[in-house]
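Participant: have a look at this fold, sequence not included:
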């Protein structure tokens, strides 16, 4: 586990290990219910380990015991707030919203970002990707804008793979920060610059975070607009 801070946002990378029985008791029924969707037991275990890491992270940010947090995952599209889907989050036991949170799982790790509410941010998104995950035919036409495609190296080179993974991590982080996720066509948002629609985009250093080699990561933060 390694912590850092980027632009006032706390960032933590955690290696996912199978949680113990006492740790699993910290999670809400809704979080356990979501894990049932996974057919592969190892996938379900990784999901629960990620949620546990997120809960512990949120509790540290707020300075409260982790078991007192209530799962409050929100979907901007349908307004769902019952932990079944949507952006990850937790409410405090007095009903007040917990910190702004985002998480991304990749290859046995989870990358977390969070900030206590009340500051200058109203959205945060983080993403980590294995570089080779975007190395498939058709990727460019599926998720990249014409401007993004213009600056790419050959798709078969190491630099080309790196550039595509970087753009994809930025898109995922951006879409998480604005709360839309993949409900929005990723090919509609150009992330070559440092800012898009009020969202600041930052490339993260995987080595600084403690992530394994061959990984790309990005952070997106949405200001309050005031």
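Facilitator: Thanks, I have it. Because the structure is a prediction, the values reported are computed rather than measured.

Participant: from here on, just use CA atoms for contacts and neighbour counts.
Facilitator: Noted.

Participant: please identify the helix or strand for the nearest residue to residue 160 once chain neighbours are set aside.
Facilitator: In space, and not counting its chain neighbours, residue 160 is closest to residue 153: 4.6 Å by C-alpha to C-alpha, 6 or more residues apart in numbering. Here residue 153 sits in a region with no helix or strand, counting by DSSP states H and E.

Participant: show me what contacts residue 153?
Facilitator: For residue 153, the contacting residues are 159-160, 163, by C-alpha atoms under 8 Å, 6 or more residues apart in numbering.

Participant: could you identify the buried members of those?
Facilitator: 160, 163 (16 or more other C-alpha atoms under 10 Å).

Participant: which residues touch the biggest helix by length in the chain?
Facilitator: Taking residue count as the measure and DSSP state H as the definition, the longest helix of the chain comes out as helix 41-62. Residues external to helix 41-62 that are found in contact with it (C-alpha under 8 Å, 6+ apart): 14, 16-19, 23-24, 26-27, 31-32, 35-38, 65-66, 69, 90, 98-99, 101, 103, 105, 108, 110, 112, 114-116.

Participant: quick check: buried residues in it?
Facilitator: 44-59, 62.

Participant: again, but for stretch 207-226
Facilitator: Buried residues in stretch 207-226, defined by neighbour count with 16+ other C-alpha under 10 Å: 209-211, 215-222.

Participant: re earlier: show me the contacts of helix 41-62 that map onto helices.
Facilitator: Secondary-structure check on those using DSSP H: residues within helices are 23-24, 31-32, 35.

Participant: what about the protein, any weak spots by pLDDT?
Facilitator: Using pLDDT under 70 as the threshold, the predicted model of the chain has low-confidence ranges 75-85, 154-155, 225-226.

Participant: quick one, strands of this protein?
Facilitator: Listed in chain order, the strands of the chain (DSSP state E) span residues 2-6, 9-15, 70-71, 90-91, 100-106, 109-115, 121-130, 195-196, 199-204, 215-223.
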